[in-house]
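Asks: Give me coordinates for this.
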Amino acid sequence: MTRLLLCTDLDRTLLPNGESPESAGARDRFAALVARPEVTLAYVSGRHLALVEQAIEQYGIPRPDWVIGDVGSRMYQWQPPGHWLESTAWQVEIATDWPGLSSGAISEAFTTIEDLTLQGQDRQSTYKLSYFLPLGVDLGSLRRVMEARLRELQARSSWIYSVDEQAQVGLLDILPERATKLHAVEFLMQQQGFLPSSTVFAGDSGNDLPILVSPVPSVLVANAHPDVLRDASAGSSQRGTDQSLYVAKGDFLGMNGNYSAGILEGLVHFHPETKAWIL
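Replies: Residues are numbered from 1 along each chain as shown. As a prediction, the model looks like this:
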């Protein structure tokens, strides 16, 4: 039996909460596909677990086998009949990048930087520090200042920047160096015995770029922002991973390539045999 690991971002990738229209029946087709025993489903999101649960209820999407939440800094496995088990192995994996530190201690080093506004407490976790940024901020200068202070703390960190188009605000996550969506997906693949040839990721935004330009087969849904399409295409070309990136175009089974329609289109591109699972 073919085993597949399907990893997808939520907001504006699986969830139709962007401005583009959703194809009728696309979510139902997605739900039918991931219900198959061959498929292991993981949601890879900036949301924390409670907000993932909220999305499952609000949009009627399937409960996944795994949740990689808080932009890759936490990982949970669903344990039937009804609870989530957090991966302590993943916490141990990323903790060494912030030796003896947590997000609270690191945030104290940034208190004098004017352009940073801490997001709500529900957006922070032990290994994730989240800020709002004005769209006009000089990202290069800001990053140099922040990285200098992180070096003083001996904290090896990742910088994940994206834009909330609806709120017109920049979003910045500071995480341990390995606590990214890419490394979390690679960790899950290793732990569960999935090769790149049996894994597909789908995304739409800036914080998905590390995976979109990696050797992991990835789908960029058709409703993704043009800037993300440009950066993903350029990044994969520079890294020689063009063949691992698929941009949904629409017209697959009469659907438009947005959201779950794009995920299905990309999955069939990489694994043509799964088309029979969708019809």
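Asks: quick one: the strands in this protein?
Replies: For the chain, the strands defined by DSSP state E occupy 4-8, 39-44, 66-69, 74-79, 83-86, 117-118, 129-133, 157-164, 169-176, 199-203, 218-220, 245-247.
Asks: Least reliable of the ones you listed by average pLDDT, please.
Replies: Ranked by mean pLDDT, these end with strand 157-164 at the bottom, a mean of 87.
Asks: Show me what counts as buried in that strand.
Replies: Neighbour counts over strand 157-164 (16 or more other CB atoms under 10 Å) mark Ser157, Ser158, Trp159, Ile160, Tyr161, Ser162, Val163 as buried. No exception for glycine: its C-beta is placed from N, CA and C like everyone else's.
Asks: ok, so of those, who is nearest Val221?
Replies: Taking CB to CB as the measure, Val221 sits nearest to Ser162 out of these, at 15.0 Å.
Asks: I'd like to know how far the closest one sits from Gln190.
Replies: Separation of Ser162 from Gln190 (CB to CB, to the nearest Å): 26 Å.
Asks: check contacts around the nearest residue to Val219 once chain neighbours are set aside.
Replies: Computed as CB to CB, 6 or more residues apart in numbering, the closest residue to Val219 that is not its neighbour in sequence is Gly266, at 2.7 Å. Gly266 sits next to Val200, Ala202, Ser218, Val219, Leu220, Val221, Tyr246, Ala248 when contact means CB atoms under 8 Å, 6 or more residues apart in numbering.
Asks: Helices along the stretch 1-150 of the chain, start to end?
Replies: Using DSSP state H, counting those that start in this stretch, the helices of the stretch 1-150 of the chain run over 26-34, 49-59, 88-95, 103-107, 139-152.
Asks: mind giving me the domain ranges of this protein?
Replies: According to automatic domain parsing, the chain comprises the domains 4-91+179-278, 98-176.
Asks: Could you tell me the least trusted of those domains?
Replies: Averaging pLDDT over each of the domains of the chain puts domain 98-176 lowest, since it has a mean of 92.
Asks: Any idea what Tyr131 is bridged to?
Replies: When bridges are called by DSSP bridges, Tyr131 pairs up with Leu118, Leu172.
Asks: Distance of it relative to Ile174?
Replies: 8 Å.
Asks: And the two? Which one has more around it.
Replies: Taking other CB atoms under 10 Å, Tyr131 and Ile174 do not tie; Ile174 has more neighbours (25 against 22).
Asks: Okay, the more buried one and Ile106: tell me how far apart.
Replies: Taking CB to CB, one finds Ile174 at 7 Å from Ile106.
Asks: Common neighbours of these two, please.
Replies: Once CB under 8 Å, 6+ apart is applied, the residues that Ile174 and Ile106 both contact turn out to be Leu129, Leu150, Ser157.
Asks: Which single one of the residues you listed is nearest to Ala232?
Replies: Ser157 (22.8 Å).
Asks: and the closest one, bridged to which residues?
Replies: According to DSSP bridges, beta-bridge pairing links Ser157 with Pro176.
Asks: and it, what does it touch?
Replies: Taking CB under 8 Å, 6+ apart as the test, what Ser157 contacts is Asp97, Trp98, Ile106, Glu147, Leu150, Ile174, Leu175, Pro176, Glu177.
Asks: The first one - nearest residue in space that isn't next to it in sequence?
Replies: Put plainly, it is Asp97. That would be Pro176: by CB to CB, 6+ apart, it lies 3.5 Å from Asp97.
Asks: For the one you found, list the residues it contacts.
Replies: Per CB under 8 Å, 6+ apart, neighbours of Pro176: Ser73, Ile94, Ala95, Thr96, Asp97, Trp98, Tyr127, Ala155, Arg156, Ser157, Ser158.
Asks: now do Ala179
Replies: Val71, Gly72, Ser73, Ile94, Asp97, Tyr127, Lys128, Ser158.
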